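Visitor: Okay, structure incoming, though there's no sequence with it:
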């Protein structure tokens, strides 16, 4: 009988985008693999994490090198949950124009949040909007 | 003859510019900026460029990468050229569908199919 992988939890303060992303992506990928997540799930989570962390540094912290992004993850064989919090003032996600509207289709930016929502099961911006909670359910109904 | 760069390879084949990615992941924003500059440079001296971008090696793309391709598409169009994308992996293509950018770009299954649409 196989022993189930233990609950994975990590909590990091990321102070630089590239090294922070590498650290998080490597740790999360290893935990997802240990809990039997398939390639499609790994792809979705990797993409969502990339978008969320880049948004935290670029848009939330406005690339201010004195500010950090706080990252927390909890992964088991049922779901993977993430929290990404920046040190910016926050934003109202409802104010982001829908990039799939005809009038916005040719605007080159603004698709990160949309991709996060498309690939993750649950996505919530906690007021004032500088903290993102997102969850991927391994066993979707 | 191939002109290797850090992120893309650019070749001219019978008047068509073929661009291949050397990276599996077009995610990191710093890489994307460089890729964008290399893409723009590949058509800078051409009038009516015919360009096919081959995605065979690409496994991941981020939202910033879509923006880079949109700017490249605009540059090619501004020179009265034609841009085609081909050989996208299903998951990469799915991103274009989710964002509805498959309506902006001309996407094809193979190099040959993309080549057939160039006029």
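Guide: Thanks, I have the structure now. Bear in mind that the values here come from a model prediction, so they are computed numbers and not experimental data.
Visitor: tell me the contacts of residue A:8?
Guide: Residues near residue A:8 by CB atoms under 8 Å, 6 or more residues apart in numbering or on different chains: A:31, A:34-35, A:73-76. Backbone N, C-alpha and C define where each C-beta goes, glycine included.
Visitor: What is the burial count for the nearest residue in space to residue A:60 that is not next to it in sequence?
Guide: Sequence neighbours aside, residue A:86 is the residue nearest to residue A:60 in space, at 2.9 Å (criterion: CB to CB, 6 or more residues apart in numbering or on different chains). For residue A:86, the neighbour count with other CB atoms under 10 Å in any protein chain shown is 26.
Visitor: Touching, residue A:86 and residue A:62? I think so.
Guide: No: counting by CB atoms under 8 Å, residue A:86 does not reach residue A:62; the two are 9.3 Å apart.
Visitor: Spatially, and excluding backbone neighbours, which residue is closest to the residue nearest the centre of chain B.
Guide: Nearest to the geometric centre of chain B sits residue B:53, at 3.5 Å (CA atoms, centre = their mean). The shortest distance from residue B:53 to any non-neighbouring residue, by CB to CB, 6+ apart, is to residue B:19 (4.7 Å).
Visitor: The one you found: what secondary structure?
Guide: Taking DSSP: H, G, I helix; E, B strand; the rest coil as the rule, one finds residue B:19 in the strand state.
Visitor: Tell me the bridge partners for it.
Guide: For residue B:19, the beta-bridge assignment (DSSP bridges) gives partners residue B:10, residue B:53.
Visitor: Kindly provide the distance from it to residue B:91.
Guide: 20 Å (CB to CB, to the nearest Å).
Visitor: and which of the contacts of residue A:8 is nearest residue A:13?
Guide: Nearest to residue A:13 out of those is residue A:73 (CB to CB; 13.4 Å).
Visitor: Next up, identify which helix or strand that closest one is on.
Guide: strand A:69-75 (DSSP states H and E).
Visitor: Indicate whether that strand makes contact with chain B.
Guide: No: Strand A:69-75 stays clear of chain B (CB under 8 Å from any CB of the partner chain), getting no nearer than 14.0 Å.
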